[in-house]
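J.: how does the following fold in three dimensions:
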Amino acid sequence: MSMNNASNVFLDPNANRFQVNIINEDHDNNETTQEDVGSDPPHYEETSFTDETHNRLRISYRPGKRELYDNFRQNGEKTEASLHPYDTHSKMYYLQTFGHNTMDPVPKIDYYRNTGSVSGNKLNRPSLLEIHEQLAKNIAVSTGSVERVANGESTTGDETAASKEEENKTGFVKFGWVKGVLVRCMLNIWGVMLFIRLSWIVGQAGIGLGVIIILLATMVTSITGLSTSAIATNGFVRGGGAYYLISRSLGPEFGGSIGLIFAFANAVAVAMYVVGFAETVVELLKESDTLMVDESNDIRIIGTITVVCLLGISVAGMEWEAKAQVILLIVLLIAIANFFIGTVIPTNTEKKARGFFNYQASIFAENFGPDFRSGEGFFSVFAIFFPAATGILAGANISGDLKDPQSAIPQGTMLAILITTIAYIAVAICAASCVVRDATGNVNDTIVPGMSCNGSSACGLGYDFSRCASQPCDYGLMNNFQVMSMVSGFGPLITAGIFSATLSSALASLVSAPKVFQALCKDNVYKGLEFFAKGYGKNNEPIRGYVLTFVIAMAFILIAELNTIAPIISNFFLASYALINFSCFHASYAKSPGWRPAFRYYNMWVSLFGALLCCGVMFVINWWAALITYAIELFLYIYVTYKKPEVNWGSSTQALYFVNALDSALALTTVEDHVKNFRPQCLALTGAPMVRPALLDITHTFTKNNGLCICCEVYTGPRKLCVKEMNSGMEKKQAWLTKNKRKAFYAAVAADSFRDGVKSLLQASGLGRMKPNTLVVGFKKDWRSAPATQVENYVGIIHDAFDFELGVIIVRISQGFDISQVLQVQEELEKLEQERLALEATIKENDFEEGKRGICGFFKKASTLNISKHETKKESTINTMQSMHVGEFNQRLLEASTQFKKKQGKGTIDIWWLFDDGGLTILIPYILTIRKKWKNCKLRIFTGGKVNRIEEEKLVMASLLSKFRIKFADINIICDINIKPNKESWKFFEEMIEPYRLHESCKDITTAEKLKRETPWKITDAELEAFKEKSYRQVRLNELLQEHSRAANLIVLSLPVARKGAVSDYLYMAWLEILSKNLPPILMVRGNHKNVLTFYS
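T.: Numbering: from 1, shown residues only. Coordinates of the predicted model:
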């Protein structure tokens, strides 16, 4: 494949990007056979980047390469017959998709990888903006890149190849499903219980109930295995086993709590298995009378030596540990086979005396039913057996070391459960078919002619063990734990099997605990455990975790009191199983589209049943251990929930939150609004919430835990830039609200004007019944200096809110709300501080290196001194800037921005309820008084009335408020609202509106009409005269407010309404200005004139 003059074409701005040429296909460049013509092969289209008449692209096949090309076309995969040398995603030109030059790439797995993926490089597909905007604005091709493309080089391909080469050099050891999962699970499930307790269990429960006990335990593990398989096949599985599966499904709260106790359980299990091994060795030493010190200390000595050896194998690497596991499995399988062979080898007199008679139907029939003794029952025997069925997560625990965890975990785990279950049942039935329950071991206890027989199967076989009914015997299923050794063809092999079972389980636990713990620490769920996250070597081995596990195991080995801790460990494992089952149920129940497990043989209700079954088994095994497990898990759950680790794993808990919220929102739409359930649902025009914190705080005060609060921002300007800025800031600003514990949503729109944006928000914000019913906006303090369009937009949004039947609250504080300049200064100071710290670190590092060089460093002090001088200069600059900025920005602005966060002292909230708006003016301050920060403030009511009816008006208002069950401290009837204000106040008002008056009455009609057309926003003389009484009232109200409410903590005042088309924007702003000037924080409120209060029950 050739590209002639490619670089010239790429650089040619006039080249037609979508020019398509037809490419002839030939197996040879110059020959076309008749067969080719006859078969009429399809023509493939390719884009020409060159002149149409000269440089046409031609695809020529090497012998045998056509199939590769077809495969490429069908699968979208690169083959060694690379067709497009400019296949790169690091530049702005891409694969020729379907034969055309387009930036749209074909589907590819590399686009879906995580950033830190070890299985391949993540590629970034072109953004929607890149393929949506005009091509000329997005393509930027450097000369160097063009040359590389022309020469057939691919940047991304090279990087990928280098990455894979490095991975090959690193040489990760990965295991298949047999070595990684099947072998480990079988070894962990087959424990000491198989050799020394199974015969006793079948003796107590009988063959029938014994098989049921095994199947019941298997049912628990099988359901858990199915759930594990479903979760493990729902996406890529990393290291961490049970912790990873639970945490990614249920979230860090459950995952973190179970991960810690699961890792601890595995660490203590190492001690349990090692002590089991040591006890067997000590028994052998005792038989040969070769004890070193005494039994307890010998267990400690042997246990210590054993765990050190196991640690050495583990630290040597997973490859050595896997080899050791295979050897131990072979020994274990030989031991089990040895038992089955022993059952068919003809017995001798000594073994008959100990109760072994080979397979006998009479023994099978006698041992089929239960014979519980010594206070044992079905559940107590089940509790003893169940730990023998655990260990199914041994493969999943090293999920990070598996080649393909998604297929290995289901295959290996389920097959291991099947094989081990068959083995348990077979051993139980065979043992109970060959060995009687009680035997004396005395070869002379044979039946002689004339002796009466108790009718047991032993009597029928010529032995009288009847004295076992009155005195204890040492042999038989019920009395001898070494039945398998006795029955086997070669006894020492059973001992070797016991060694293999204990050591393999100990080794598996010794590997599992650090791996799970490392995954937990890497996720930083518990802040103080990052130290153990570090891995070493080619397999990222958790050496620090191995040492910690070793210390824990050693501690419990030296204590040597494992009978108490063993039930708790079993319950820890069961708690993990319960949560895995619940995870599978929860993920299915949440119905998230992301829940698509490749393993289909599961059912959500079966998983739930499995979770409940595990919880029940926990109490059956040991009720107090179950309670301790739940208490520890609850404590860790609460701790992680409180700490709130910053992780987002797309858990099913998140999915269920969404489902529940959606269901609740839909259910709410069927419920009609009722005045008793009214609550302020506010749309606050805060802009970026951190820019106007005081406006957000006061709104949040009466909406927190009570109503909806949406912080809104309108972006105006060039649409492309606005949308880009808006999209990039959405998550950041919502995160700020969450971090500052503000129960509010953030919403933003891009619009041509501020008013259009607010209009969109007023109409479209909210969901179902959860829609804003009140607009909260800060007072426009700069209205006199702002352009007329801004004032028009500001007043316009108030009109729009009333048009859409929303209440309006205008909030004013003396210092204003916008602290963006302060934030900008703080950001600059933080940057300077970071630079200073970085400079200090550099100086310290240089000093340290020079100190290491010894005397040579002496001659380089000059450079250090220069840096120090620079640093001093930098610090002085910072200090100068700080002092300068403190002088520049008003410190009172910062204090004002936090005033609503502080607890309000004893004082009053003065409510000037002048007009009935449905009750919103009285409801807002009432809600404030039930908040912790405002509870010390009392309500004072001010309303208009007549001089001759003051007491009657008071009684009417008091009666109304008492029916609304709103407590108040005082009621004041204001009788002089409608009198003229004093001359100074009116003069101030006239001077304020003077720049915005038209004064058309002083001009001729033609000039006046021209001025009206040129400045329609100005206040006409006719308008001022028409609304003179209303203007008087606003000025007079300010005088009354100054007189009565100057010392109030907060003023709530009825907002005057301007008639559309009658009152100009500047006159209305003048009313609001004079009404709220020189006062404490004031809320000007106007409801939508629908009842928000009722006195009916």
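
J.: doesn't V776 fall inside a strand?
T.: Yes: under DSSP: H, G, I helix; E, B strand; the rest coil, V776 sits within a strand.

J.: leaving out the residues flanking it, which one is nearest to it?
T.: A684 (4.3 Å; C-beta to C-beta, 6 or more residues apart in numbering). Quick note: C-beta positions are derived from backbone N, CA and C, even for glycine.

J.: try L520
T.: G259 (4.3 Å).

J.: from what I see, the residue nearest to V776 and T701 are in contact.
T.: No: at 11.6 Å, A684 does not count as touching T701 under the criterion of C-beta atoms under 8 Å.

J.: in the stretch 501-650 of the chain, which spans are helices?
T.: Applying DSSP state H, counting those that start in this stretch to the stretch 501-650 of the chain gives helices spanning 543-559, 562-590, 604-621, 623-643.

J.: which stretch among these comes nearest I330?
T.: For the helices of the stretch 501-650 of the chain, proximity to I330 was assessed by C-beta to C-beta; helix 543-559 is nearest, at 25.3 Å.

J.: can you list contacts of the closest one?
T.: 264, 266-268, 270-272, 274-275, 278, 299-300, 303-304, 307-308, 311, 314-315, 510, 513-515, 517-518, 521, 531-532, 534-536, 562, 565 (C-beta atoms under 8 Å, 6 or more residues apart in numbering).

J.: ok, stretch 638-651 next?
T.: 247-253, 256-257, 523-527, 594.

J.: and the helix or strand containing I798, C-alpha only, in PDB?
T.: Using DSSP states H and E, I798 falls within helix 788-803. Provided in PDB are the C-alpha atoms of helix 788-803 (Å, rounded to 0.1, in the frame of the first residue of the first chain):
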ATOM      1  CA  ALA A 788     -30.300  49.100  30.900                       C
ATOM      2  CA  THR A 789     -30.500  45.600  29.400                       C
ATOM      3  CA  GLN A 790     -29.300  44.100  32.700                       C
ATOM      4  CA  VAL A 791     -31.900  46.000  34.700                       C
ATOM      5  CA  GLU A 792     -34.600  45.000  32.200                       C
ATOM      6  CA  ASN A 793     -33.600  41.300  32.500                       C
ATOM      7  CA  TYR A 794     -33.600  41.500  36.300                       C
ATOM      8  CA  VAL A 795     -37.100  43.000  36.600                       C
ATOM      9  CA  GLY A 796     -38.200  40.700  33.700                       C
ATOM     10  CA  ILE A 797     -37.400  37.500  35.700                       C
ATOM     11  CA  ILE A 798     -39.600  38.800  38.500                       C
ATOM     12  CA  HIS A 799     -42.400  39.300  36.000                       C
ATOM     13  CA  ASP A 800     -41.700  35.800  34.500                       C
ATOM     14  CA  ALA A 801     -41.800  34.200  37.900                       C
ATOM     15  CA  PHE A 802     -45.300  35.700  38.600                       C
ATOM     16  CA  ASP A 803     -46.400  34.700  35.100                       C
END
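
J.: looks to me like D910 is in a strand.
T.: Yes: under three-state DSSP, D910 falls within a strand.

J.: residues contacting it?
T.: D910 sits next to R940, F942, H1044, S1045, A1048, L1050, I1051, V1052 when contact means C-beta under 8 Å, 6+ apart.

J.: and if we set it to 10 Å?
T.: Going by C-beta atoms under 10 Å, 6 or more residues apart in numbering, D910 touches 925, 937-942, 970, 972, 1041, 1044-1053, 1079-1080, 1082.

J.: same thing with T703?
T.: 679-682, 684, 709-710, 742-744, 774, 776, 927.

J.: just give me the closest of those residues to R467.
T.: K743 (78.9 Å).

J.: so how far is N358 from the nearest residue to that closest one once chain neighbours are set aside?
T.: For K743, ignoring the flanking residues on the chain, the nearest one in space by C-beta to C-beta, 6+ apart is K704 at 5.4 Å. The gap separating K704 from N358 is 80 Å, by C-beta to C-beta, to the nearest Å.

J.: look up phi and psi at the residue nearest the centre of the chain.
T.: Centroid-nearest residue in the chain, with C-alpha atoms, centre = their mean: N648, separated by 2.7 Å. The phi and psi values for N648, taken as degrees, to the nearest 10, are phi -140, psi 100.

J.: and it, how far is that from E253?
T.: With C-beta to C-beta as the criterion, N648 and E253 are 13 Å apart.

J.: in the stretch 851-1000 of the chain, what residue spans correspond to strands?
T.: Using DSSP state E, counting those that start in this stretch, the strands assigned to the stretch 851-1000 of the chain run over residues 907-912, 937-944, 970-974.
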